[in-house]
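Trainee: What shape does this take:
(2 chains)
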Amino acid sequence: MRWSQFFIPTLREDPADAEVVSHKLLLRAGFIRQLGAGIYSYLPLAQRSILKISEIIRQEMNAIGGQEFYLPALNPAEIWKESGRWTVMGENMFRLKDRKGADLCLGMTHEEIFTDIARHELRSYKQLPQVWYQIQTKFRDEPRPKSGLLRVRQFTMKDAYTFDIDFAGLDKAFEDQRRAYCRIYDRCGLQYVIVEADTGAMGGSASNEFMVYTNAGEDMVASCPKCGYAANLEKAQSRIPAIVDEDADAPFEKFPTPGVRTIEDLTTFPGGASAERQIKTLVYVAVSVKGKQESGEIVLALLRGDHPLNDAKIASAVGAMLRAEGAELTQLRPAHPEEILEAMGANPGSLGAVGVVRYKTLADNALQGRANMTTGANVDDHHLRGVNIARDIKNAQWVDLRTVAEGEGCPRCDGVLRVAKALEVGHIFKLGTKYSVSMGATVLNAEGKEVPIVMGSYGIGVERVLASAIELYHDDAGIIFPITIAPFQIVVTPLNIKDAELKATADRIYDELSKAGVEVLYDDRDERAGVKLNDADLVGFPFQIRVGAKKLKEGKVEFYDRSLKTSEDVEATAAVELARRRIDEAVRKLNG
RNA sequence: CGGGGCGUGGCUCAGCUUGGUAGAGCGCUCGGUUUGGGACCGAGAGGCCGGGGGUUCGAAUCCCUCCGCCCCGACCA
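Mentor: Numbers count the residues shown, from 1 in each chain, chains lettered A, B, ... in the order given. So this is what the prediction gives:
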């Protein structure tokens, strides 16, 4: 491929709209252009990289028995209504109507559609297990697209689904996928960590996320350097020192606290209490659907005064309680001040759960066994002290609600947790029978009994692999691609195309590399050396062969390694051989 | 959705406060010189100043409104 005819619109300056490194570099190096918020056109360089990533994914999926499908992105509403996610997905789903007025949507993921095929076609346990996947475009009406390709409204996802007769089969399928994912990210050259994760809207029993540590990420991962424990902050637990409370049996008493509104206020108020001796009472509104009926209810969350609530944890706890009642949580939000006053009889700052029995009440585990605590009295400007939780707040359900913090103890060993930003590049779920039950996907087992298929779901964000590689591997000059996902493996650069000797040598090297099957780009542009070298660094080709006048006089050309930033002079006649060897080594190193 | 910012040749931006009919650098075209890290000289092309409405003799500039984009908080590959 000749650069002069290949479309690589590089930019000298950083585009004004780009903030994160991968976004800036993808734009500057001519990989992508923006069409709208969270909507990008992939130019030839990006498309080449994406195809290479897809091919790695495809090979590894096939290697564990995966069968590639291609399902519609345009879905009728009915199937989403059947699983209940027409409402659960809420605003995140793009919806449209056809000319007859029928509801349609653009697929955000494909559990429903694959399950639909499964329920129609799979009849017997003898047909299981099945491993089905596709690499396809997904649409999500993100509330806030951002960071270039990291968070967009249209993207490519590899989504796989497994169908097994029982949970043992699911465990194996999950493990197969997990290993395949490791191979995929290894081959793409990514450094990643596998973490325990929250299942969110997907449902199911267990899930692992594949995370790349980067400040451009939007998740927080807690990890223990000592034992390897790692979990998304939405799920992470920690050890904290136990607190011994005195006078546990003393009765509680109400006392006036004029002007006290916050935990902080109460710590300095005479007769108040330190934050870890306070109970923080948060009021939420949970909206759920049961059958066709939508309803809202007040839910209380109780935490130790100095502990921050974790939104994902409370959502998952409330979701579980509602599910036990046959309802599905659709929205959980902090109550408005008017709602709080109406529900509690007092304003924020004086709230408490003592004596409140008509609302679902969730108490964080860290409060278990605590006594002699101070909390709001549900009377403005009054608090209660001497509260014994087991005695005075009887209807509380114990759950994990608090967000763990850096420096707290590892839940698995005596190590200390660290917390760092990370980007989710893959997520694997054990779905269990959630979709097979709601959608009636069953098979007959060996005993002739009809049983729901046990499912798993496994996703990879293809563009995120590209973008996170750039986040991970770049320098001031540009991208430094892992060779397996680079758009080209090497660029051949005659430093002055008008010099006939340089051109002849470069032509020859290019021809030989092409014939050898190397993915080579030939920079035949009539540009100054500086322009060409800067562009080559920016685009991030793993290797460069530079053909310049001075060295060619001695019969030599320069072989440059982008990641090591080292160059070596080689005989022009030996350059192709050296390049082939280096490329081979680099590829083999990643492919393992 | 809430909060903040921005919208002017292809790109990065100035001009707007204090209305008078649009500028710079880069890029692009042509000619010449140059050729190992984004060169230089000369000549050019290129702009419904995001859309609509209003105020005014006159609006990129002031007012209203809509749209789009970016960033910070609730979602996810």
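Trainee: For A:Pro348, report the pLDDT, please.
Mentor: Each residue has a pLDDT score; the one for A:Pro348 is 88.
Trainee: what residue is smack in the middle of chain A?
Mentor: A:Glu424 (2.6 Å; Cα atoms, centre = their mean).
Trainee: Quick check: that residue vs A:Ile479, distance?
Mentor: Distance of A:Glu424 to A:Ile479, given as Cβ to Cβ, to the nearest Å: 21 Å. Any C-beta I mention is one placed from the backbone N, CA and C, and that applies to glycine too.
Trainee: and what of A:Ala222?
Mentor: For A:Ala222 relative to A:Ile479 (Cβ to Cβ), the value is 30 Å.
Trainee: what do you get for A:Leu590?
Mentor: 16 Å.
Trainee: A:Ser238 too?
Mentor: 37 Å.
Trainee: more crowded one of the two?
Mentor: Taking neighbours as other Cβ atoms under 10 Å, A:Ser238 and A:Ile479 compare with A:Ile479 leading, 27 against 23.
Trainee: Now do the contacts for the nearest residue to that one once chain neighbours are set aside.
Mentor: Nearest residue to A:Ile479 in three dimensions, chain neighbours excluded: A:Gly540, at 2.9 Å (Cβ to Cβ, 6 or more residues apart in numbering). Residues near A:Gly540 by Cβ atoms under 8 Å, 6 or more residues apart in numbering: A:Leu25, A:Ala29, A:Ile470, A:Tyr473, A:His474, A:Gly478, A:Ile479, A:Ile480, A:Phe481, A:Ala486, A:Arg562.
Trainee: same deal with A:Ala420?
Mentor: Contacts of A:Ala420 (Cβ under 8 Å, 6+ apart): A:Tyr213, A:Met220, A:Val221, A:Ser223.
Trainee: how about the helix or strand hosting it, does it get close to RNA strand B?
Mentor: Using DSSP states H and E, A:Ala420 falls within strand A:418-432. Yes - residues of strand A:418-432 contacting RNA strand B under Cβ under 7 Å from any atom of the strand: A:Glu424, A:Val425, A:Gly426, A:His427.
Trainee: among those, which two are most distant?
Mentor: Longest distance between any two of the residues of strand A:418-432 next to RNA strand B is 8.7 Å, between A:Val425 and A:His427; criterion Cβ to Cβ.
Trainee: Now do the same contact list for A:Lys503.
Mentor: A:Pro494, A:Ile497.
Trainee: helix, strand or coil for it?
Mentor: helix (DSSP: H, G, I helix; E, B strand; the rest coil).
Trainee: which residues of chain A score low on pLDDT?
Mentor: Confidence mapping of chain A against pLDDT under 70 gives the ranges A:200-204.
Trainee: thinking again about what came up before, wouldn't the residue nearest to the centre of chain A be in contact with A:Asn208 here?
Mentor: No - in this structure A:Glu424 lies outside contact range of A:Asn208 using Cβ atoms under 8 Å: 10.6 Å.
Trainee: Leaving out sequence neighbours, find the closest residue to A:Ile340.
Mentor: Going by Cβ to Cβ, 6+ apart, A:Ile340 has A:Val283 as its nearest residue, at 4.9 Å.
Trainee: actually A:Gly426, sorry about that
Mentor: In space, A:Gly426 is closest to A:Phe210, 3.7 Å off (Cβ to Cβ, 6+ apart).
Trainee: Can you lay out the residues of strand A:418-432 next to RNA strand B as TSV showing distance to A:Phe6?
Mentor: Shown next, in TSV, are the residues of strand A:418-432 next to RNA strand B (distance: Cβ to Cβ, whole Å):
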residue	distance to A:Phe6
A:Glu424	33
A:Val425	28
A:Gly426	31
A:His427	35
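Trainee: In the helix or strand hosting A:Lys138, which residues are buried?
Mentor: According to DSSP H and E, A:Lys138 maps onto strand A:130-139. Counting neighbours by 16 or more other Cβ atoms under 10 Å, one finds that the buried residues in strand A:130-139 are A:Gln130, A:Val131, A:Trp132, A:Tyr133, A:Gln134, A:Ile135, A:Gln136, A:Lys138, A:Phe139.
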